[in-house]
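**Student:** sequence and predicted structure below; questions after.
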Amino acid sequence: MAYSDKVIEHYENPRNVGTLDKNDPNVGTGLVGAPACGDVMRLQLKITDEGVIEDARFKTFGCGSAIASSSLVTEWVKGKTVDQAMTISNKDVARELALPPVKIHCSVLAEDAIKAAIEDFKKKRATRQQP
Amino acid sequence: MLKLPIYMDNHATTPLDPRVLETMMPYLREDFGNAASRNHAFGWKAEAAVEKARKQVAELIGASDKEIVFTSGATESDNLAIKGVLEFYKSKGDHIITLKTEHKAVLDTCKRLERVRQERLDELKLLRLSQLADRDVQPEELAELASRHDIENDPTYRKWAELPTGGARVTYLDVEADGRVSLEKLAAAMTPRTVLVSIMFANNEIGVLQPVAEIGKLCREKGVLFHCDAVQGIGKVPFDVEAMRVDLASITSHKMYGPKGVGALYVRRKPRVRLAPLVDGGGHERGMRSGTLNVAAIVGFGAAAELARTELEAEAQRLTRLRERLRTGIMEQLDMTVVNGSLEHRLPGNLNISFSYVEGEALMMAIKDVAVSSGSACTSASLEPSYVLRAVGVEEDMAHSSIRFGLGRFNTEEEVDYVIRLMVDKVRKLREMSPLYEMAKEGIDLKSIEWTAH
């Protein structure tokens, strides 16, 4: 199967690979997918108290399209507010990377990862606010 | 001087040996005759060339030339062997035993025969229920009326159901953890209705060699025909239809450096094995496979078979050495790697390794100058990883992480060393990017995590 140039570009030069401190109260971690399905995505977002995403890091076990999808969303979410990031949909990712139908699940995973990371951040914040 | 890309996928197909191409050329040019033209020199020359090739193929497997039926390839040979035997021996029985790790050409042929039997039984049920209800029962009423009349225990229906259906019942045996069949389990699966055992010689994914001689002996003792899909093993490892007591064997040319589109079915003559043909027509190949012979391809197939036979021993040793160099080179430098399937009973050129925490397709993309295969099914719509790896007990995540290397006649030590360096570098890079590798290194048990399957 042929990959689009954008998938290849992100795969060969992935942006923002790495790990943030998951115990940092400003870091939300989203871990989605399953090893048995052949893809697991971990997206970490560092979010300011004002709700702006100032940093993003990912690590992904999966095919080239899964890695490219994760890399792309780390670029997209940086500088966005949490609410803006929540509007990123898998369709945007699939369109940008020209993913074929069998690879749509990779973009779904990327959207899920953003939502899971933000949810984790919100949960942390809620527990922090409780006395 | 190393030339890229490197071809290391010789289980999929092999390049045409230039010596083979040489022998084919005249038959694509001036010697174009039809081997069935008995009345002029063009036909005689073509026929002589085909008969020479038939001898060359027969000699490779210890058969007589009269036992070779040329086909379009091994898929056709598998279909002809299984459907042909079931059809011809339908009054004797309709039970087939095969393995879960067989090639799709065998498995899907068996599934088709199961479906034919099921459809026939449904027709018989309709007929019988119509009698019992004294009216025309419609197909959509079948399920309901069948249970109301307890059709499975109706003596008349049961008698009808024992008649030949034109289909088959099939047992798909599990293999052991090393990928080999258990002879005890095979013997236990045989019934008085068993007419055919179909078990491959060498597996196309993990290269595991089945105990063909022992299977042949058991089948002969039990009076069951033995078909062997020998595509991957013939020409790589010694294969002898007499010593191994094989009754039918599927062979293809393009896995032994011959042209594509031609193969053969070995059909034993003593004791004689009979087949109903799949293709009717001019009665070529002693009526077992009609259709004008593909002379040039058959000539190439013959030449390839002869080369494989004369070079087999030296080539097997060379490939085993290269394979071991590749295996140790990779595994000494990378932790958490596993060889899938038996190393002892294995094709010389096959290596199938799972690289934990790295996905196979991503790895193939990273080594795009090297042609290999993966058991990861990321490219297929089903997302199911290799059924062969699953059958030998490889966990799904490890199946997604597998790479199959198929070494062949034209691979060199220099290429192997290049691939070792590349694999080590790329696996390390992808592991740096893998959340699973990081978690495993931290000592987190990945099985303890509740994953969100999608």
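**Tutor:** Good, I have the coordinates.
**Student:** spatially nearest residue to residue B:78 (excluding sequence neighbours)?
**Tutor:** Excluding the flanking residues, the one nearest residue B:78 by C-beta to C-beta, 6 or more residues apart in numbering or on different chains is residue B:105, at 4.2 Å. Yep, even glycine has a C-beta here, placed from its N, CA and C like the rest.
**Student:** which residues touch the one you found?
**Tutor:** B:74, B:75, B:78, B:79, B:229, B:250 (C-beta atoms under 8 Å, 6 or more residues apart in numbering or on different chains).
**Student:** nearest to chain A, of the residues you listed?
**Tutor:** Nearest to chain A among the contacts of residue B:105: residue B:75, at 22.9 Å, using C-beta to the nearest C-beta.
**Student:** can you classify the closest one by secondary structure?
**Tutor:** helix (DSSP: H, G, I helix; E, B strand; the rest coil).
**Student:** check which helix or strand covers the closest residue to it other than its chain neighbours.
**Tutor:** With C-beta to C-beta, 6+ apart as the criterion, residue B:75 has its nearest non-adjacent residue at 4.2 Å, and that residue is residue B:105. According to DSSP states H and E, residue B:105 maps onto helix B:104-133.
**Student:** need phi/psi at residue B:70.
**Tutor:** phi -80, psi 140 (degrees, to the nearest 10).
**Student:** residue B:291 is in contact with that one, correct?
**Tutor:** No. Applying C-beta atoms under 8 Å, one finds residue B:70 not in contact with residue B:291, separated by 9.3 Å.
**Student:** of these two, which one has the most company?
**Tutor:** residue B:70 (29 against 15; other C-beta atoms under 10 Å in any protein chain shown).
**Student:** check contacts around that one.
**Tutor:** B:50, B:54, B:262, B:263, B:264, B:285, B:289, B:293, B:294, B:298, B:301.
**Student:** the first one and residue B:295 touch, don't they?
**Tutor:** Yes. At 6.0 Å, residue B:50 counts as touching residue B:295 under the criterion of C-beta under 8 Å.
**Student:** which regions of the chain sit below the pLDDT cut-off?
**Tutor:** Since you didn't name a chain, this refers to chain A. A:1, A:130-131 (pLDDT under 70).
**Student:** not quite, go with chain B.
**Tutor:** B:377-383, B:453-454.
**Student:** show me where it has helices.
**Tutor:** B:18-28, B:41-60, B:74-88, B:104-133, B:142-148, B:155-161, B:183-189, B:212-222, B:295-333, B:360-366, B:387-391, B:396-400, B:413-432, B:435-441 (DSSP state H).
**Student:** and the contacts of the second one?
**Tutor:** The set of residues external to helix B:41-60 that reach it, using C-beta under 8 Å, 6+ apart, is B:27, B:31-38, B:64-65, B:67-68, B:70, B:234-235, B:239, B:251, B:264, B:266, B:293, B:295, B:298-299, B:301-303, B:305-306, B:308-309.
**Student:** parallel or antiparallel, which strands does the strand or helix carrying residue A:40 pair with?
**Tutor:** If you go by DSSP H and E, residue A:40 is part of strand A:39-47. In the sheet, strand A:39-47 lines up against strand A:27-34 (antiparallel), strand A:53-61 (antiparallel) (DSSP bridges).
**Student:** out of all of them, which helix in chain A is the longest?
**Tutor:** Chain A, longest helix under DSSP H: helix A:104-129.
**Student:** angle of that helix against strand A:27-34?
**Tutor:** Helix A:104-129 and strand A:27-34 meet at an angle of 140 degrees, taking axes from the mean of the first three to the mean of the last three C-alpha atoms, to 10 degrees as the criterion.
**Student:** would you mark the buried spots in helix A:104-129?
**Tutor:** Neighbour counts using 16 or more other C-beta atoms under 10 Å in any protein chain shown place A:105-114, A:116-118, A:120-121, A:124 of helix A:104-129 among the buried residues.
**Student:** near chain B, from the residues you listed?
**Tutor:** Contacts with chain B within the buried residues of helix A:104-129, counted by C-beta under 8 Å from any C-beta of the partner chain: A:105, A:108, A:109, A:112.
**Student:** touching, the last one and residue A:34? I think so.
**Tutor:** No. Counting by C-beta under 8 Å, residue A:112 does not reach residue A:34; the two are 11.7 Å apart.
**Student:** for the most centrally placed residue in chain B, phi and psi?
**Tutor:** Taking C-alpha atoms, centre = their mean as the criterion, residue B:103 is the residue nearest the geometric centre of chain B, at 3.6 Å. Backbone torsions for residue B:103, taken as degrees, to the nearest 10, come to phi -70, psi 150.
**Student:** contacting residues for residue B:110?
**Tutor:** B:82, B:96, B:98, B:168, B:170, B:172, B:198.
**Student:** report how many residues lie close to the residue nearest to it when sequence neighbours are not counted.
**Tutor:** In this structure, residue B:110 finds its nearest non-sequential neighbour in residue B:170, 4.5 Å apart by C-beta to C-beta, 6+ apart. Neighbours of residue B:170 under the rule other C-beta under 10 Å: 20.
**Student:** give the contact list for residue B:170.
**Tutor:** Neighbouring residues of residue B:170 by C-beta under 8 Å, 6+ apart: B:95, B:96, B:97, B:98, B:110, B:111, B:113, B:114.
**Student:** buried subset of those residues as a ChimeraX selection?
**Tutor:** In ChimeraX, this line selects whichever of the contacts of residue B:170 come out buried by 16+ other C-beta under 10 Å:
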select /B:95,96,97,98,110,113
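**Student:** specify which member of the contacts of residue B:170 is nearest to residue A:80.
**Tutor:** Proximity of these to residue A:80 (C-beta to C-beta) peaks at residue B:111, which lies at 51.3 Å.
**Student:** my read is that residue B:236 contacts residue B:346, right?
**Tutor:** No. Residue B:236 is beyond contact range of residue B:346, at 10.4 Å (criterion: C-beta under 8 Å).
**Student:** give the buried residues for stretch B:184-195.
**Tutor:** Buried-residue list, stretch B:184-195, by 16+ other C-beta under 10 Å: B:186, B:189, B:190, B:194, B:195.
**Student:** those also near chain A: which ones?
**Tutor:** Within the buried residues of stretch B:184-195, nothing lies near chain A by C-beta under 8 Å from any C-beta.
**Student:** next, the buried residues of stretch A:26-38.
**Tutor:** Using 16+ other C-beta under 10 Å as the test for burial, stretch A:26-38 gives A:26-38.
**Student:** residue B:71: how many residues sit nearby?
**Tutor:** 28.
**Student:** list the contacts of it.
**Tutor:** B:77, B:80, B:262, B:263, B:264, B:265, B:289.
**Student:** wait, what's in contact with whichever residue of the stretch 151-300 of chain B sits closest to chain A?
**Tutor:** Taking C-beta to the nearest C-beta, chain A has its nearest neighbour within the stretch 151-300 of chain B at residue B:205, 16.6 Å off. Contacts here follow C-beta under 8 Å, 6+ apart; on that basis residue B:205 touches B:11, B:101, B:340, B:341, B:352, B:373, B:375, B:386, B:388, B:389, B:404.
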